[in-house]
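> heads up, no residue letters with this:
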């Protein structure tokens, strides 16, 4: 019996996962998104190798921007990135690997009926008091959807009642956010972080307020006073503070190094901090020593270049020719004087 050959055909569409659209694209630089979609195009059409400069030309980007995009998506765990000794990159899509696993593991809250709401309100005094408090904080009477959210936090997530009170205060006063969906998202986050006591909740709030203060300082140092961080700026600074655990004094020192730079950006500062992080430098003292050594090396290299230039000028044949002509003129002048 003969064989069946399935001929490859280029797709005229690119499949992008829901997780990317919902959880990554809104918080990412547009240029990085362009690179990600282009990589998906290459992957889905089984193009196994492509030059970085071709990608940059196709997307009208600098090659360095393409590399930054690769590093960004690797940091967000959407790709695994490796580089060989020749400077070639290899990538593996992690979202493809774990997509089905992510869908299966997403918990879904129960659906509460009108009878469930009535039962909780009539038989559970704690929930009744919580509902009354929440309505005062949100300055309105809750409808069924609102009560569903509150019941979800209380009954499904099972956050301690005192933690829920503190959470409601935090989002309505500290965050000045009166959207119940935001409350729901924060409650899920607190559950994931195992914030199950007043002490843990207060520690989280303190850390968040401190993080917000540092972000404001960064923007003000860069001359930005009239807006909050963009999503990309916020993501970058979150990496410094939460992932890399960069101390505040180190961030401030990095900012001091850009005071003579025209229109410095958060991304520019990120390049400095990332260099220290990749070098394994974590405290201000070692970083200052590192910067001083680099400055000394640059100064030494500059002097060596200057000396070499002077030496080249001394050895320049044209210089010898000019001197020889002057010498000959002097000799002729002396001969004329003798006559």
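Perfect, I can see it now. Predicted model, so just to flag it, every value in this text is computed and none were measured.
> What is the burial count for residue 269?
Residue 269 sits with 23 neighbouring residues when counted by other Cβ atoms under 10 Å. Every C-beta, even on glycine, is put in place using the N, C-alpha and C of the backbone.
> Apart from its chain neighbours, what residue comes closest to it?
residue 254 (5.3 Å; Cβ to Cβ, 6 or more residues apart in numbering).
> show me where pLDDT drops low in the stretch 201-339 of the chain?
305-339 (pLDDT under 70).
> The stretch 1-150 of the chain now?
Ranges of the stretch 1-150 of the chain meeting pLDDT under 70: 1-11, 27, 95-107.
> Would you map the strands across it?
79-83, 89-93 (DSSP state E, counting those that start in this stretch).
> The last one pairs with which strands?
Which is strand 89-93. strand 79-83 (antiparallel) (DSSP bridges).
> Sort out which residues of the partner strand are buried, please.
By 16 or more other Cβ atoms under 10 Å, the buried positions in strand 79-83 come out as 79, 81.
> Which residues does it contact?
39, 70, 71, 73, 74, 89, 90, 91, 92, 93, 94 (Cβ atoms under 8 Å, 6 or more residues apart in numbering).
> swap in stretch 135-143?
131, 134, 146, 150, 168, 169, 172, 173, 178, 180.
> Stretch 151-159 now?
So stretch 151-159 is contacted by 109-110, 112, 116-117, 120, 127, 130, 161, 164, 167, 183-184, 187-188, 190-191, 195-196 (Cβ under 8 Å, 6+ apart).
> Kindly recompute the last result at 7 Å.
109-110, 112, 117, 120, 127, 130, 164, 184, 187-188, 190-191 (Cβ atoms under 7 Å, 6 or more residues apart in numbering).
> For it, measure first residue to last.
11 Å (Cα to Cα, to the nearest Å).
> Also stretch 132-144?
14 Å.
> could the strands of the stretch 1-150 of the chain go into JSON lines alongside distance to residue 19?
What follows is the strands of the stretch 1-150 of the chain, written out as JSON lines (distance: least, Cβ to Cβ, whole Å):
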{"stretch": "strand 79-83", "distance to residue 19": "13"}
{"stretch": "strand 89-93", "distance to residue 19": "12"}
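> closest to residue 49 out of these?
Comparing those by their distance to residue 49 (Cβ to Cβ), the top pick is strand 89-93, with 9.6 Å.
> what's the helix or strand harbouring residue 269 in contact with?
Assigned by DSSP states H and E, residue 269 belongs to helix 266-278. Residues outside helix 266-278 that contact it (Cβ under 7 Å, 6+ apart): 218, 233, 236-237, 240, 244, 246, 251, 254-255, 257-258, 261, 287.
> And it, what's buried?
266, 269, 270, 272, 273, 274, 276, 277.
> How about stretch 151-162?
Burial within stretch 151-162, assessed by neighbour count using 16+ other Cβ under 10 Å, is assigned to 151, 152, 153, 154, 156, 157, 159.
> For the residue nearest to residue 269, give me its contacts.
269, 272, 273 are the contacts of residue 254 under Cβ under 7 Å, 6+ apart.
> Am I right that it sits in a helix?
Yes: looking at residue 254 with DSSP: H, G, I helix; E, B strand; the rest coil, it is inside a helix.
> Need the three-state assignment for the spatially most central residue of the chain.
For the chain, residue 236 is the residue whose C-alpha lies nearest the centre (Cα atoms, centre = their mean; 3.2 Å). Look at residue 236: counting by three-state DSSP, its state is helix.
> Nearest residue to residue 74 in space, please, no chain neighbours.
Nearest one to residue 74, counting by Cβ to Cβ, 6+ apart, is residue 81 at 3.9 Å.
> Domain ranges for this structure, per the record?
18-105, 114-193, 206-283 (automatic domain parsing).
> Arrange those in a markdown table, one row each, with distance to residue 298 as further columns.
Output for those, formatted as a markdown table (distance: least, Cβ to Cβ, whole Å):
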| stretch | distance to residue 298 |
| --- | --- |
| domain 18-105 | 21 |
| domain 114-193 | 44 |
| domain 206-283 | 14 |
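> out of those, nearest to residue 299?
Per Cβ to Cβ, nearest to residue 299 of the domains of the chain: domain 206-283, 16.3 Å.
> Regarding that closest one, how distant is the last residue from the first?
22 Å.
> from the chain's centre, how far out does it sit?
Chain-centre distance of domain 206-283: 11 Å, with Cα atoms, centre = their mean, to the nearest Å.
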